[in-house]
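[1] need coordinates for the following:
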Amino acid sequence: MSARTMQPTLGTTLFYAGLGVAAGAVVGLLGMGLVRTGPALVPGLGAGAANQLQIMGLPLAPDTQAYWYMARAGGIVAYLLLWLGSLWGVLMSTKLAKGLYAFGLHEFLPILAMVFATLHALVLLGDHYIGFDLLQLAVPFTASYRPMWTGMGTLALYLGTALAASFYVRRLIGRRTWRLLHYATYGVFALALAHGLMAGTDSTLPLVRWMYIATGASLLFVTLVRIFSLSGGPSGGPSGKRIAVRENRSLAR
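    Sure, this is the predicted structure:
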């Protein structure tokens with residue numbers, strides 16, 4: 001089987017895997033929402049279900065901190081996946097990562113990052129400490145909690161979702177447009193980094209703060225390596241030309 005027939009199959013498989021994770025998250029959130037709104041729908045039903053769930057060890061009480069912890073964990077996972085996808089994309093443009101499955105991983109990581117970012121935002125609706133509502137999470141810079149930095153996270157989610165979707169329309173929009181759009185990944189990462197550092201409650205922890213520093217520095221480092229590798233001669237140098245040819249062949253598949 002040729003690489004041209006394998007790549008769409010791989011991409012489709014990874015795409016549906018991401019949809020499966022998203023569907024599971026939505027079902028879980030709907031289930032938790034039913035437990036919380038049960039008393040208003042059927043008197044006594046929601047309270048009884050919540051009591052049984054608490055007996056089973058599931059922290060779904062109205063004032064639980066489980067939503068807050070899940071939102072924080074989902075945000076950090078989304079950020080790390082976004083960093084890994086961005087880093088992998090730069091490495092693909094060099095000789096350090098290549099091949100069909102390398103491209104498939106680069107295609108899948110941003111999708112999974114946006115899935116966890118969406119989960120991060122939706123779970124906040126269940127937390128009553130800050131009291132986010134859907135409008136504050138959907139419209140940038142309208143949140144009651146650190147509106148500027150929270151709004152940057154919303155913008156990162158929207159732009160990142162558009163970039164993840166661009167993998168499936170790159171033949172329609174053309175290689176040049178897709179490549180120019182793809183450079184916006186750096187903007188998405190910068191927005192996510194600023195959001196995590198300034199709006200994340202865990203950013204005061206030394207381990208988390210050093211995680212942000214290490215991920216940002218590593219992406220900057222490989223980007224500079226990539227830039228210098230393309231400036232080896234008057235017209236980009238032989239190595240830069242080989243990299244460009246390899247990228248063009250990958251995008252043409």
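[2] please make it C-alpha for all contacts and neighbour counts, starting now.
    Noted.
[3] burial of His120, as a residue count?
    His120: 23 surrounding residues under other C-alpha atoms under 10 Å.
[4] can you show me the strands along the stretch 1-150 of the chain?
    Defined through DSSP state E, counting those that start in this stretch, the strands belonging to the stretch 1-150 of the chain form an empty list.
[5] poorly predicted segments of it, please.
    Scanning the stretch 1-150 of the chain with the threshold set as pLDDT under 70 gives 1-64, 95-102.
[6] one more time with 50, if that's ok
    When residues are selected by pLDDT under 50, those of the stretch 1-150 of the chain lie in 1-9, 30, 34-42, 45-46, 49, 52-53, 55-59.
[7] next one: the stretch 151-253 of the chain
    Residues of the stretch 151-253 of the chain that meet the criterion pLDDT under 50 lie in 233-240, 243-245, 247, 250-252.
[8] recalculate using a threshold of 70.
    Applying pLDDT under 70 to the stretch 151-253 of the chain picks out residues 231-253.
[9] tell me which stretches of it form helices.
    Secondary structure of the stretch 151-253 of the chain by DSSP state H, counting those that start in this stretch: the helices cover 170-173, 175-182, 185-199, 206-230, 237-252.
[10] for Pro110, which of these is the nearest?
    Of all these, helix 185-199 sits nearest to Pro110, with 9.6 Å by C-alpha to C-alpha.
[11] relative to helix 206-230, how tilted is that closest one?
    Interaxial angle of helix 185-199 relative to helix 206-230 (axes from the mean of the first three to the mean of the last three C-alpha atoms, to 10 degrees): 160 degrees.
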